[in-house]
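Participant: Kindly return the folded structure for what I paste below:
(3 chains)
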Amino acid sequence: MSLQFLLDGLISGAMIGLGAIGVTLTYSILRFSNFAHGDLMAWGAYAALVAVGALGAIAGGPMAIGALSFGLPLILSTLFAMVFTAGLALLLDWLLFARLRARGQAIIVVMASFGASMALRNLLEFLFSSSPAYYSRALQVAQPIGSGIRITPDQVALLVMTAALVTGMHLFLTRSQRGREMRAYSQNPALARVTGIDVARVVRATWVIGAALAAAAGVMVGTLVQIRPLMGLDLLLPMFAAAILGGIGSVPGAVLAGLIIGLSEAAAVMFVGAEWRAAVAFVILMSVLLVKPTGLFGVTER
Amino acid sequence: MIDLLGYGAFFLSTALIFAIITLGLNLQWGLTGLFNVGIAGFVAIGAYTSALLTTPDTADRIGGFGWPILAGWLGAMVLTAAAAAFTGFATLRLKSDYLAITTFGVAVLVQLVTLNAIGLTGGPFGVAFIPRPFAGLQGNPVAFNFVNLAIIAAVTLACYLALERLSRSPWGRVLRALREDERAAVSLGKSARSYRIQAFAVGGAVMGLAGAVQAHFIGFIAPDNYLPTLTFQVWAMLMVGGSGSNRGAVMGALVVWAVWIGAGWVTSALIPTGWQARAASLQIVAIGVMLCLILLWRPQGFFGPRNGRGME
Amino acid sequence: MSALLSVERLEAGYEPGLSIVRGASIHADKGEIVVILGPNGAGKSSLIKAIAGLVPVSGGRVVLAGEDITAVPAHLKIRKGLAFVPQTENVFTLMSVEENLRVAAGVFGDRQVAAHIEEMFALFPDLARQRRLMAGSLSGGQRQMLACARALIVKPGVLMLDEPSAGLSPKFVEQVFARLVEIRASGVTIVLVEQNARAALAIGDRAYVLVEGREAHEGPARSLWDDPLIAELYLGHRKEGAA
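Facilitator: This is a model prediction of the structure:
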């Protein structure tokens, strides 16, 4: 038996975990499950694709670094995609979610996110068609690293990026004033207000962080798999399952749960069959809801 | 002329099947406040159940029991109700978002089963030779279309009357009271939860019935019929019609389906062939934007009662 | 004479047309402890929350140091010098004691957060010993102290408290109220909503009795306690019992 599936699971778990951070923050701070989160991911991936194209036209080549399939253009494009997607999320909030949130019916906001999700996804399909796209056509050679596991340089780079983003996120939430304000608001909105915390500022920070991480995850999926309008929808259920398994509001929980789901999916592909991969997130979700709805690190049922 | 009549009957039949699904959603959402993002999954369960129960025996597939159509419809309702009840059982003691996420998961799972459990569902090729009511009339397309329309209209009317009765019954009043105040509902505990599970299951049964009726109307089903777009269309129908009103649900289904078909004609007439697939996605964008606009500016819909029994 | 905080004919409630506070007028002078008493459902808690900006105000006004702050959003009232300690859930339970103070001290971009935290620890030595503990695991009395420290760390002119004695044992009530007297001595004006009339009137300078959303009686704390009619009607004790 090859242990390669462990690495595959780790990679897809990292993508799920990165996306689930946004889901868990949106749920614990804005108090709704955002069905458009996967589509923010896809928009981020396409924003980077457009930027890579533009930069490639200027620079005149892919400019790959070392053994990687990508170079400075994709790195710059990823940063652009993160900023762009954050802007898109803020725009959506201003146009739609903030107005509905003000009416105080959480579930209407969920429904609006569902409508926005359909519109965003199909707009991508209209603009870019449904056929897959790639940042680079360069072939990657997987290097053996022992125990029959092989890894490509791209995979190494993106795992390092994920680890850096997650660590940075954790430090931000625990060490910075804005991060503390976000945690305070998620724990007790009324007390946060009388403490002097500006809700609008917390809401903005939540969208920016959630969307930027979604865009990063989108670029990761785009680099390692492919870019499709449906890429976000396919990851939505695993991301929700990770947010709930990790315990709503817990960033380390979401990341750990993302890895658990990624590994379980890879195991299912290995032992059951690739076609059943998408069922894993559902099985995990149902088990958590039936056994321990607060998840691994959740404190209260929300 | 004959063509146009036949098309009219076909259009109305499809719209009325949507109306049945929307009636089911109105019981779940409009009356009880339960958010279902997996409508396509429940409709598919009904369609496949009835198809498997009624089709003739097939060598390469489980099922094919050759039951009468009505028995297939009943089976579809029972199984869909059971699936909905289980979903409700697992999530309705938690906040409403969990139900939304879980129903979304149900649709993903059902899609996966229809695609991959080839021995049961026929896989991507679906199930064919589903018996059609009054198949003997197929030689006369107009009569056949109108008989089908009459059957579907009768089912719609029956669902409408039954749901109107239910919503005015003491049972319906309890549901409405629970919807008004989620916190009170939570504090009522077990009995509130059981009422909501019942409502979710009955709404699911109606959706399953609609799926079964459609399967027998078309005679053929495949996984592609049950994509998230279906869920989305039904939501748009209920929101346009006005949630909380059965009349609104039916009207919303007719209007949105007409708009949908009309938009399809316009795009196919105006947009070059190479871009038509993409134009179809623009159609969905338009409906998505419309749904958001209605939520923002006319949450009570257009055809519901004026006295504010809607969502606000 | 102009009061530091003055509330004029305030109307407030959660739903339009359903006022809970119905034209209440109170005021507090600098350095006073003002006590608001009243039977259950009189709107005491809603009054103080409306002043803090947590309950929508539909009429009247709130003036702090000569400035109308009625429409100032809740999160900016503390910047104006008006701090509020809610009755329950008044600390961030999943944050440490120190983090509770840090987040409160840092909201206005203050650069001397650490110094202010140490000041609070000097004022509440019990908290200093538990600075790394999660606030959710503190005892009721210590939680109340942390809630006060959280409100005081930005040096407000007025501190409003909603039933600080609720759920505390008599020993802790005594400690909390003794601390309030010290806080007043440092120049902070205190507005106190209380059920525990005996403890509150013992430290208060002036008191209001709120009935049906409006002040029905006002007077020096001691005289209110001694008034037999008020005592029996609103404060739940008989004159003989108090003597």
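
Participant: so where's the chain uncertain?
Facilitator: I'll assume chain A. Where chain A drops to pLDDT under 70, the residues are A:1, A:60-62, A:299-302.

Participant: Please refer instead to chain C.
Facilitator: Low-confidence segments of chain C, defined by pLDDT under 70, span residues C:1-2, C:233-243.

Participant: Show me what secondary structure element comes after the least confident helix or strand in chain B by mean pLDDT.
Facilitator: Ranked by mean pLDDT, DSSP states H and E, the weakest helix or strand in chain B is helix B:182-188, scoring a mean of 63. Sequence-wise, the next helix or strand beyond helix B:182-188 is helix B:190-218, with elements assigned using DSSP states H and E.

Participant: For residue 64, give me its contacts.
Facilitator: Picking chain A for this. For A:Ala64, the contacting residues are A:Phe70, A:Gly71, A:Ser136, A:Ala138, taking CB atoms under 8 Å, 6 or more residues apart in numbering or on different chains as the criterion. In this view, the C-beta of every residue, glycine as well, is placed from N, C-alpha and C.

Participant: ah, no, chain C please
Facilitator: Residues near C:Leu64 by CB under 8 Å, 6+ apart: C:Leu4, C:Leu5, C:Lys80, C:Gly81, C:Leu82, C:Gly157, C:Val158.

Participant: of the contacts of A:Ala64, buried ones?
Facilitator: A:Phe70, A:Gly71, A:Ser136 (16 or more other CB atoms under 10 Å in any protein chain shown).

Participant: For chain B, state which of these is nearest.
Facilitator: Within the set of these, A:Ser136 lies nearest chain B; the separation is 25.0 Å, counting by CB to the nearest CB.

Participant: so the closest one sits right up against A:Ser69, yeah?
Facilitator: Yes. A:Ser136 sits in contact with A:Ser69 when judged by CB atoms under 8 Å, with a separation of 4.5 Å.

Participant: got the residues of the stretch 201-302 of chain A near chain B?
Facilitator: Contact residues, the stretch 201-302 of chain A versus chain B (CB under 8 Å from any CB of the partner chain): A:233, A:236-237, A:240-241, A:244, A:273, A:275-276, A:278-279, A:281-282, A:285-286, A:289-290, A:293, A:301-302.

Participant: Just the buried residues out of the residues you listed, in ChimeraX syntax.
Facilitator: Once 16+ other CB under 10 Å is used to decide burial, the buried members of these can be selected in ChimeraX as follows:
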select /A:233,236,237,240,241,244,276,278,279,281,282,285,286,289,293,302
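
Participant: Tell me the one among the contacts of C:Leu64 nearest to B:Leu161.
Facilitator: If you rank the contacts of C:Leu64 by distance to B:Leu161 using CB to CB, C:Leu82 comes first, at 59.8 Å.

Participant: what about the closest one, neighbour count?
Facilitator: When neighbours are defined as other CB atoms under 10 Å in any protein chain shown, C:Leu82 has 28 of them.

Participant: for chain A, what are the nearby residues on chain C?
Facilitator: Neighbours of chain A within chain C, by CB under 8 Å from any CB: C:52-54, C:73-79, C:83-84, C:86, C:89-95, C:99, C:102-104, C:106-109, C:150-151, C:154.

Participant: Quick check: B:Ala59 vs B:Gly119, distance?
Facilitator: Using CB to CB, to the nearest Å, one gets 11 Å for the distance from B:Ala59 to B:Gly119.

Participant: next one: B:Ser281
Facilitator: From B:Ser281 to B:Gly119 the distance is 34 Å (CB to CB).

Participant: Check A:Thr294 too.
Facilitator: With the distance defined as CB to CB, A:Thr294 ends up 39 Å from B:Gly119.

Participant: do the same with B:Asn140
Facilitator: Taking CB to CB, one finds B:Asn140 at 37 Å from B:Gly119.

Participant: which non-adjacent residue is nearest the single nearest residue of the stretch 1-150 of chain A relative to chain B?
Facilitator: Closest residue of the stretch 1-150 of chain A to chain B, CB to the nearest CB: A:Ala119 (3.0 Å). Sequence neighbours aside, B:Gly288 is the residue nearest to A:Ala119 in space, at 3.0 Å (criterion: CB to CB, 6 or more residues apart in numbering or on different chains).

Participant: what sits against the one you found?
Facilitator: With CB under 8 Å, 6+ apart as the criterion, the residues that contact B:Gly288 are A:Gly115, A:Ala116, A:Ser117, A:Met118, A:Ala119, A:Leu120, A:Asn122, B:Phe232.

Participant: any idea which of those has the most stuff around it?
Facilitator: Neighbour tally across these (other CB under 10 Å): the maximum, 28 neighbours, falls on A:Met118.

Participant: Could I get the buried residue list for the helix or strand A:Ile209 falls within?
Facilitator: The secondary structure element spanning A:Ile209 is helix A:199-224 (assigned by DSSP H and E). Within helix A:199-224, the residues that qualify as buried are A:199, A:202-224, counting by 16+ other CB under 10 Å.

Participant: rewinding a little: closest one of the buried ones among the contacts of A:Ala64 to C:Asp205?
Facilitator: Nearest to C:Asp205 among those, counting by CB to CB, is A:Phe70 at 71.6 Å.

Participant: in chain A, which spans are helices?
Facilitator: For chain A, helices defined by DSSP state H occupy the ranges A:4-25, A:37-59, A:72-92, A:98-101, A:106-128, A:153-175, A:177-187, A:189-194, A:199-224, A:231-246, A:251-271, A:279-291.

Participant: go on, the stretch 1-150 of chain B?
Facilitator: Read by DSSP state H, counting those that start in this stretch, the stretch 1-150 of chain B holds these helices, from start to end of the chain: B:2-25, B:39-54, B:69-91, B:96-116, B:118-121, B:141-168.
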